[in-house]
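Novice: The following block contains a protein sequence and its predicted model.
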Amino acid sequence: MEDVSDPPFRFGCKQYGADLMYTEFISSEGLIRDAIKSKKKLDIFDYERPIGIQIFGGDEEAMALSAKIVEATNPDLLDINFGCPVKKVVCKGAGAGVLKDIDLMVRLTKAVIKSTDLPVTVKTRLGWDESCINIMEVSERLQDLGIQALTIHGRTRSQMYKGEANWKYIAEVKNNPRIKIPIFGNGDINSAEKALSYKNTYGVDGIMIGRAAIGYPWIFDEIKHYLKTGQILQKPSIITRVEVCKNHLQKSIEWKGEKLGVVEMRNHYANYFKGIPNFKDIRIKLVTLNKPKDLFLVLDEIINISEFQEN
């Protein structure tokens, strides 16, 4: 989740129960060119552990060199993204683009594994489109190379994020007698009830949460509590949501600088305050104001309005 799953975002996710987290995906070409934005994404902190750094690319040499750079930052594992469906990545023969060339995927993975002593994992999709669902071949060949786990998003590249994720294929990989590595499912998990249902139905070793955690880091604790007790945790109060959002904004400013920290935080407000009545005017302020002081005042305003509405 580029420009989303940065350290300020991950802080909240860890605070509310995420077991294992990944960085934003990082361009292998950017790393070997010493691009400032790519290098910045290597920032990880001890409180985040265990944490993996995720890279993408379509060139074997660049992937191998970037794996060495990643290893020097001492993450707990290295993840390869073969799942990103966006055009600017796919056009470079990276991300989900390699699903059209499994031999290239194998070569890229092999180059990374040979270049690092870190555990290497992979995230990918079912295939390029409905006529080319090749996840079984992918899982077997990548396992044979030595990857330590595989996360499968239950859509093809052509689906992007549309339609319903098809976990049937994920279950088929998990139930393949040849597959010994952990298989994690990804796609459409947005509640504790759904997480338990999918875990029981499809038998995966774990679940990866992506978009559902944007502006709602509480989802991890909610899922874990439900799996353990069968009970639904109470939703966070408006005061809690505001305080966590303010902390996220502050950390975003500290890590990225005021201008970028303010701008990139705009991706999160709608989800933090989803369901609040008459939120449109406040949202417009949050995505147009540029001064942190003004933004914090608006966030406090949400508490006052909510208290008035409750009374």
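Specialist: Perfect, I can see it now. Numbering: from 1, shown residues only.
Novice: where along the stretch 101-250 of the chain do the helices fall?
Specialist: 102-115, 135-145, 168-174, 192-202, 219-229, 238-256 (DSSP state H, counting those that start in this stretch).
Novice: what's next to the longest one, contact-wise?
Specialist: This points to helix 238-256. Helix 238-256 is contacted from outside by 6-9, 11-12, 43, 215, 217, 236, 261-262, 264-265, 268-269, 272-273, 276, 292, 295-296, 299-300, 302-303, 306-307, using C-beta atoms under 8 Å, 6 or more residues apart in numbering. Using the backbone N, CA and C atoms, a C-beta is placed for each residue, glycine as well.
Novice: Could you dump the helices of the stretch 101-250 of the chain into JSON lines and include mean pLDDT, mean neighbour count and distance to D59?
Specialist: Output for those, formatted as JSON lines (pLDDT from 0 to 100; neighbours: other C-beta atoms under 10 Å; distance: least, C-beta to C-beta, whole Å):
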{"stretch": "helix 102-115", "mean pLDDT": "97", "mean neighbour count": "19", "distance to D59": "8"}
{"stretch": "helix 135-145", "mean pLDDT": "97", "mean neighbour count": "18", "distance to D59": "18"}
{"stretch": "helix 168-174", "mean pLDDT": "98", "mean neighbour count": "19", "distance to D59": "27"}
{"stretch": "helix 192-202", "mean pLDDT": "96", "mean neighbour count": "16", "distance to D59": "34"}
{"stretch": "helix 219-229", "mean pLDDT": "96", "mean neighbour count": "17", "distance to D59": "35"}
{"stretch": "helix 238-256", "mean pLDDT": "95", "mean neighbour count": "18", "distance to D59": "28"}
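Novice: Distance to M21 added to those, as TSV?
Specialist: Output for the helices of the stretch 101-250 of the chain, formatted as TSV (distance: least, C-beta to C-beta, whole Å):
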stretch	distance to M21
helix 102-115	20
helix 135-145	22
helix 168-174	21
helix 192-202	17
helix 219-229	10
helix 238-256	15
